[in-house]
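In: Give me the fold of what follows.
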Amino acid sequence: MLKDIIFDEFQNTVSELLICNRSILDIMAKVQETNAKLHKSIIKSVTRCGCIQIDASKSTIPSEATLADLMHLLDSHVKGHLCDSCRDSIENSLGKMFLYTAAICNLLDLNVYDILLKEQKQMKILGLYNLA
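Out: Numbers count the residues shown, from 1 in each chain. All right, here's what the predicted structure looks like:
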């Protein structure tokens, strides 16, 4: 399958090119730093750029609502669309998160694609109850 080759290729590239941050401790710190940058990019999209807004309030869920109904009843609270600049910033942060996730997998002899397949299988087994 082509997709598993792409994931393996990405993971191998990370292994070959990540030279300075070989320590699991360094990579864990990078994951946390990158996560903070991602949050900061999203916040800046709201507070500095204004291309998106966060409009959040308490969700009202009817007592007869089923778990399946929640998909249609609950809101993401995001209004608007990312501009090109904000999209680029958020994509860069997510890319770094993928990079450092792959680096952790490499150090612990784990395969990114296998993990994704396992998670997808678990989500399909649990269905709507998986993330509730």
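In: After the helix or strand bottoming out on mean pLDDT in the chain, which helix or strand is next?
Out: In the chain, no helix or strand scores lower on mean pLDDT, DSSP states H and E than helix 70-73, which sits at a mean of 79. With elements assigned by DSSP states H and E, the helix or strand that comes after helix 70-73 is strand 78-80.
In: tell me what that next one is packed against?
Out: strand 52-54 (3 or more CB pairs under 8 Å, 6 or more residues apart in numbering; DSSP states H and E). C-beta: built from backbone N, CA, C; applies to glycine.
In: For the strand it packs on, give me every contacting residue.
Out: 45-46, 77-82, 86 (CB atoms under 8 Å, 6 or more residues apart in numbering).
In: can you put those in CSV and add neighbour count?
Out: Formatted as CSV, the contacts of strand 52-54 follow (neighbours: other CB atoms under 10 Å):
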residue, neighbour count
Ser45, 23
Val46, 16
His77, 11
Val78, 15
Lys79, 11
Gly80, 14
His81, 9
Leu82, 18
Cys86, 20
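In: returning to that earlier point: send me the least confident helix or strand of the chain as PDB with only the CA atoms.
Out: Output of helix 70-73 as PDB, limited to C-alpha atoms (Å, rounded to 0.1, in the frame of the first residue of the first chain):
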ATOM      1  CA  LEU A  70     -24.000  14.700  19.700                       C
ATOM      2  CA  MET A  71     -22.200  14.900  16.400                       C
ATOM      3  CA  HIS A  72     -24.900  17.200  15.200                       C
ATOM      4  CA  LEU A  73     -25.600  19.000  18.400                       C
END
